[in-house]
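In: let me see the structure of the following:
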Amino acid sequence: MRVLIATAGSHGDVVPYTGLGLRLRSAGHEVSIATHTRSAELIRRCGLGFHPLPLDDQAMGEPGRQPGEQGRGVRLPPAQQMCLARQLAPKLADAVADACASHPEVLLVSGSLAPLGLTAAAGLRLPSIGVFLQPLAPTREFPPVVPGMPSLGRLGNLAAGHCVQSVLATAFRPGVRRLQRRLGVTQGALRRRRASWQVYHGFSPVVVPRPADWRPGMEVAGYWWPPQALGWEPEPRLAEFLRSGPPPVYVGFGSMAGVGPEPVGRCVARALELARVRAVVQADWAGLSIEGDDVLTIGEAPHTELFPLMSAVVHHAGAGTTAAGLRAGVPSVPVPVMLDQPFWASRLVALDVSPGSIPLRRLSAEDLAAAIRKAVYEPRYRRRARQLAASIRAEDGAGPVLAAVERLADGGRSG
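Out: Model (predicted):
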């Protein structure tokens, strides 16, 4: 069966789907991923097909920007972000429909493209399945996955979730309407599809249990792990650094634009000095660079291989990095920046694998040093991290999605 996976966002919004795609391919399916062109090399290196969504110069990635330069999108106030999303929605809608011109037999759609993917699938009479990295549906059990949203109680959480869904629907509406006109999709047909759409969530049920008030058809499957970096060995400088002392702390902020490398770097350097720990700092898009006898700055390295060598990980709490830290069984100190990161940071604290979350806007050397010391030297965090890692490693998150695709191959329907 020909399977197309459509996703948009940062690097972390693409990597899990390479693991899911490889699992589907190993079962005999032909898999392609439609996303930003900056991820083309990664996807092709995995042996998967690639279809471009031509939005890199418009939003979310800014591939021409050099590491450490300030990103535009993350600095916009929420109202302006909504305006930008509405402006981009028609172009993104056309890009999703054009990707479907490759004639897939089933469409798997990320949460970031769900309204558009669902509409395109309805118009093309294409079976589709939601494959989400975040719990986006309203629930009484926790507040919506938006920055700064505290728990409002069971009824308040549910009401806030529906409010956020309404706001997101408004942002996508120009694109949805464009697809409805282009493909002849009625509002009734779209409503019926949405009501019974099968959605699988790519995170562990021990990290976020399935809410009891979700409708049937919405499942928590487990993490979709990227392919292992077989044969990876630390570069000589890193290998020597790891041999020369106790396990270091990892520090990195992934592909987060808007992380000012100089002030954040100075803060991190001072925190590491106060905490009296060794550290490996990953530059990535944030452009951090800290050098010293007890600190080494490195470039690209696979988290699946690097994190188990660390005593703790300090990171931006993106979904993928959070998952990698949990799988490695090491404590975390989350420093969330935007979007769903505060949610994942709060989960790490609730799971007792982190001494606390420090939002980037409130980051101080003293607070970061105190959190690092607790993560490294208080045994409870490592014990709990190892317990969770054992559970997470035993899960087969891709299995339920593969089974759903196989049912489609046998003539069943999932949306």
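In: for burial, what's the neighbour tally of Ala345?
Out: Using other CB atoms under 10 Å, Ala345 is surrounded by 25 other residues. Where C-beta positions appear, they are placed from N, C-alpha and C, glycine not excepted.
In: packing partners of the one helix or strand it maps to?
Out: Secondary structure from DSSP states H and E places Ala345 in helix 341-350. If you count contacts as 3 or more CB pairs under 8 Å, 6 or more residues apart in numbering; DSSP states H and E, helix 341-350 packs onto helix 319-328, strand 332-334.
In: in the chain, what helix or strand scores lowest on average pLDDT?
Out: None of the helices or strands of the chain scores lower by mean pLDDT, DSSP states H and E than helix 78-99, at a mean of 82.
In: helix or strand right after that helix?
Out: strand 106-109.
In: mind listing what's buried along that following strand?
Out: Under the neighbour-count criterion of 16 or more other CB atoms under 10 Å, strand 106-109 has 106-109 buried.
In: how about the residues you listed in JSON lines, adding pLDDT and distance to Gly9?
Out: Output for those, formatted as JSON lines (pLDDT from 0 to 100; distance: CB to CB, whole Å):
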{"residue": "Val106", "pLDDT": "95", "distance to Gly9": "21"}
{"residue": "Leu107", "pLDDT": "96", "distance to Gly9": "17"}
{"residue": "Leu108", "pLDDT": "98", "distance to Gly9": "15"}
{"residue": "Val109", "pLDDT": "97", "distance to Gly9": "13"}
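In: all helices for the stretch 151-300 of the chain, in order.
Out: The residue ranges that make up the helices of the stretch 151-300 of the chain, judged by DSSP state H, counting those that start in this stretch, are 153-183, 187-196, 236-243, 261-275.
In: domain parsing for the protein?
Out: Each structural domain of the chain that the record assigns through automatic domain parsing is listed here as a residue range: 2-224+397-409, 236-393.
In: endpoints of the shortest one, how far apart?
Out: As for domain 236-393, its first-to-last residue distance stands at 29 Å under the measure CA to CA, to the nearest Å.
In: what's the answer for stretch 303-314, then?
Out: 12 Å.
In: quick revisit: least reliable of the domains of the chain going by mean pLDDT?
Out: Taking each of the domains of the chain in turn, the one with the lowest mean pLDDT is domain 2-224+397-409, at a mean of 87.
In: ranking the helices of the stretch 151-300 of the chain by burial, who's on top?
Out: helix 261-275 (a mean of 19; mean count of other CB atoms under 10 Å).
In: quick one on the thing from earlier: mind putting the helices of the stretch 151-300 of the chain in TSV, distance to Tyr223 included?
Out: Supplementary listing: the helices of the stretch 151-300 of the chain in TSV, determined by distance: least, CB to CB, whole Å:
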stretch	distance to Tyr223
helix 153-183	23
helix 187-196	26
helix 236-243	26
helix 261-275	28
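In: so which of those gets nearest Ala371?
Out: Counting by CB to CB, Ala371 lies closest to helix 261-275 out of the helices of the stretch 151-300 of the chain; the figure is 8.6 Å.
In: list the helices and strands the closest one packs on?
Out: On a contact count with 3+ CB pairs under 8 Å, 6+ apart, helix 261-275 meets strand 249-251, helix 365-377.
In: ok, which of the ones you listed comes nearest Gly320?
Out: Comparing the helices and strands packed on helix 261-275 by their distance to Gly320 (CB to CB), the top pick is strand 249-251, with 14.2 Å.
In: can you list the strands that that closest one pairs with?
Out: Sheet pairing of strand 249-251 (DSSP bridges) gives strand 279-282 (parallel), strand 312-315 (parallel).
In: a markdown table for these, including distance to Val376 and mean neighbour count?
Out: Formatted as a markdown table, the strands paired with strand 249-251 follow (distance: least, CB to CB, whole Å; neighbours: other CB atoms under 10 Å):
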| stretch | distance to Val376 | mean neighbour count |
| --- | --- | --- |
| strand 279-282 | 11 | 24 |
| strand 312-315 | 5 | 28 |
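In: right, and those strands - which one's nearest Thr7?
Out: Once CB to CB is applied to those, the stretch that comes out nearest is strand 312-315, at 21.0 Å.
In: which other residues reach that closest one?
Out: Outside strand 312-315, the residues that touch it by CB atoms under 8 Å, 6 or more residues apart in numbering are 249-254, 268, 307, 321-322, 325, 328, 330-335, 368, 372, 375-376, 381.
In: ok, the residue lying closest to Ala269 once chain neighbours are set aside to Val277 distance?
Out: Leaving out its chain neighbours, the residue that sits closest to Ala269 by CB to CB, 6 or more residues apart in numbering is Ile290, at 4.8 Å. Remark: distance between Ile290 and Val277 (CB to CB, to the nearest Å) = 13 Å.
In: and the two? Which one has more around it.
Out: Neighbour count, other CB under 10 Å: between Ile290 and Val277, Val277 has more, with 23 against 20.
In: my read is that the more buried one contacts Val249, right?
Out: Yes. In terms of CB atoms under 8 Å, Val277 counts as a neighbour of Val249; the distance is 5.0 Å.
In: related to what we said a few turns ago, what are the phi and psi values at the residue nearest to Ala269?
Out: phi -130, psi 130 (degrees, to the nearest 10).
In: right, and it touches Val280 too?
Out: No. Taking contacts as CB under 8 Å, Ile290 lies outside contact range of Val280: 10.0 Å.
In: pretty sure Pro143 is in a strand, no?
Out: No. Remark: Pro143 does not belong to a strand; assigned using DSSP: H, G, I helix; E, B strand; the rest coil, it is coil.
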